[in-house]
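Q: my questions concern the predicted model and sequence given below.
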Amino acid sequence: MLHVAYFIIRHLISFPLFITSWISLQLGANLNFFIAGLISAGVYALSVNVIKSVQSRLIIKKYNMTLPEYKHVQQQLKEAKLKLNKLNGYFIKVRSIRAFKQLFEMNRLAKRIFQIVRTNPKKFYHVEPFFYAHLETAVELTEKYTLLVSQPVKAPAVQIALQDTRETLLELNQVMENDLHQVLASDIEHLKMELDFAKISIAKHEKPLMLKGDLSHDGKSNGF
């Protein structure tokens, strides 16, 4: 969500500059309509890049990262996005309901991990194997599986290869599920700490309540 908000903000700021510079160049500098438009487009692009650079530094400061670390994570996310697009294209090609569900779950897990790291780049270091190995393996196996399953020849060797691939993909699903748990581990621990603190605070300020009947009984016993 932060990336979406930053995207909207930098374009909302840059667009008025684009319009203002275009009008100013035509009226003030008497430039040609199209030349003024080209220069204004350059102003727009420059403004977007400058604001994006400032926003990146704010993210780096927020998550206590160095610039090289942040750039490395962004590069890994860029490569992962391409792999996710491939994975998304493969799983819709299978005709077996069981295989579709299995690949759909894998795709869901991969997207979830990607979104978490995209939102919080620092979490990349909690799930590096996913980006360096697991996602790539998922793409390769899914590609081979969709290739085999689409073949008209159903020889025993092909059936054995399909079964082996399905079993490997199932194991990979479990690995990626562990990746998701790993990337969420710090959040879960933080939530537990907050819940414990909240329980202690509630218990500390909680006062025993007396029922109306108890108050009446106590009043009679004291002669009131």
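A: Thanks, I have it. Note that the coordinates shown come from a computational prediction; the quantities given were computed from them, not determined experimentally.
Q: now do the helices in the chain.
A: For the chain, the helices defined by DSSP state H occupy 2-27, 33-62, 67-91, 97-119, 128-129, 135-149, 156-205, 212-221.
Q: mean pLDDT for those: which is lowest?
A: Here these differ in mean pLDDT, and the lowest is helix 212-221 at a mean of 47.
Q: thinking again about what came up before, can you list the helices of the chain in a markdown table and add mean neighbour count?
A: Glycine gets a C-beta too; all of them are placed from N, C-alpha and C. Listed next are the helices of the chain as a markdown table, based on neighbours: other CB atoms under 10 Å:
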| stretch | mean neighbour count |
| --- | --- |
| helix 2-27 | 14 |
| helix 33-62 | 14 |
| helix 67-91 | 15 |
| helix 97-119 | 17 |
| helix 128-129 | 14 |
| helix 135-149 | 18 |
| helix 156-205 | 13 |
| helix 212-221 | 10 |
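Q: and the protein, what are its domains?
A: With domains defined by automatic domain parsing, the chain comprises 1-62, 66-205.
Q: dihedrals phi and psi, Thr66?
A: phi -90, psi 160 (degrees, to the nearest 10).
Q: which residue packs closest to it, ignoring adjacent ones?
A: Nearest non-adjacent residue to Thr66, counting by CB to CB, 6 or more residues apart in numbering: Ile60, 7.3 Å away.
Q: which residues touch that neighbour?
A: Residues in contact with Ile60 (CB atoms under 8 Å, 6 or more residues apart in numbering) are 66-67, 70.
Q: distance of it from Met106?
A: Distance from Ile60 to Met106, counting by CB to CB, to the nearest Å: 32 Å.
Q: and for Thr119?
A: Distance from Thr119 to Met106, counting by CB to CB: 21 Å.
Q: ditto for Phe33
A: Distance from Phe33 to Met106, by CB to CB: 52 Å.
Q: ok, now Ile113?
A: In terms of CB to CB, Ile113 sits 11 Å off from Met106.
Q: please apply the same query to Leu147.
A: Taking CB to CB, one finds Leu147 at 17 Å from Met106.
Q: got it, and Lys83?
A: Lys83 sits 12 Å away from Met106, going by CB to CB.
Q: any shared contact partners between these two?
A: With CB under 8 Å, 6+ apart, Lys83 and Met106 have common neighbours Ala138.
Q: picking that back up, give me the common contacts of Ile113 and Met106.
A: Common neighbours of Ile113 and Met106, counting by CB under 8 Å, 6+ apart, are Met176.
Q: look up how far Phe7 lies from the residue nearest the centre of the chain.
A: Among the residues of the chain, the one closest to the centroid is Gln115, at 0.8 Å (CA atoms, centre = their mean). Distance, Gln115 to Phe7, by CB to CB: 15 Å.
Q: quick one: residues contacting the closest residue to Thr168 other than its chain neighbours.
A: With CB to CB, 6+ apart as the criterion, Thr168 has its nearest non-adjacent residue at 6.0 Å, and that residue is Leu141. By CB under 8 Å, 6+ apart, the contact set of Leu141 is 165, 168-169, 172.
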